[in-house]
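>>> Predicted model follows, preceded by the sequence.
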Amino acid sequence: DEVDAQELLDALCGASSDTLSNEERAAQWQRLAAMKNEAGGYVQALEQLFASDELPEHVRELCALEFKNHVKERYTADGTCADASVRPIALDERAPLRARILQHVAAAPSAPIKAHLSV
């Protein structure tokens with residue numbers, strides 16, 4: 001199943017919202033975790049959000065941070081997976097992901113986004 005960009009945006013914004021209760025935020029983090037585990041279109045949906053000029057800069061920063069976290073938690077320096085519930089990045093996925101990150105770093109308009117994406 002493809003991950004819907006709007007659903008991902010809602011979950012991301014909910015997970016980082018100050019207006020939701022802890023339980024509601026936790027539910028949004030669980031939604032995100034489920035999307036990551038399904039992985040279908042997850043990175044593509046994040047990239048679609050990141051590329052949208054219509055989103056406020058702080059939301060685009062959130063997408064950049066989530067993209068970095070997604071990569072970091074799946075791929076640690078020793079090649080093991082940081083979170084057992086998340087599928088590790090396969091060797092053949094690493095180069096394309098790194099290229100994507102660098103491409104976004106080059107195009108990122110703000111220092112926080114560049115910092116988030118510098119994995």
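In hand now; what should we look at? If you're wondering where the values come from, they're calculated on a predicted model, not measured in any experiment.

>>> From here on, just use CA atoms for contacts and neighbour counts.
Noted.

>>> Let me know the distance separating the residue lying farthest from the centre of the chain from residue 32.
The C-alpha centroid of the chain is most remote from residue 21, which lies 22.3 Å away (Cα atoms, centre = their mean). Residue 21 is 17 Å from residue 32, where distance means Cα to Cα, to the nearest Å.

>>> Same question for residue 47.
15 Å.

>>> One more: residue 66?
10 Å.

>>> for residue 110, same thing?
Where residue 32 is concerned, residue 110 sits at a distance of 25 Å (Cα to Cα).

>>> These two: which is more packed in?
residue 32 (21 against 12; other Cα atoms under 10 Å).

>>> What sits closest to that one if chain neighbours are left out?
Leaving out its chain neighbours, the residue that sits closest to residue 32 by Cα to Cα, 6 or more residues apart in numbering is residue 11, at 6.3 Å.

>>> show me what contacts the one you found?
Shown in contact with residue 11 (Cα atoms under 8 Å, 6 or more residues apart in numbering): 28, 29, 31, 32.
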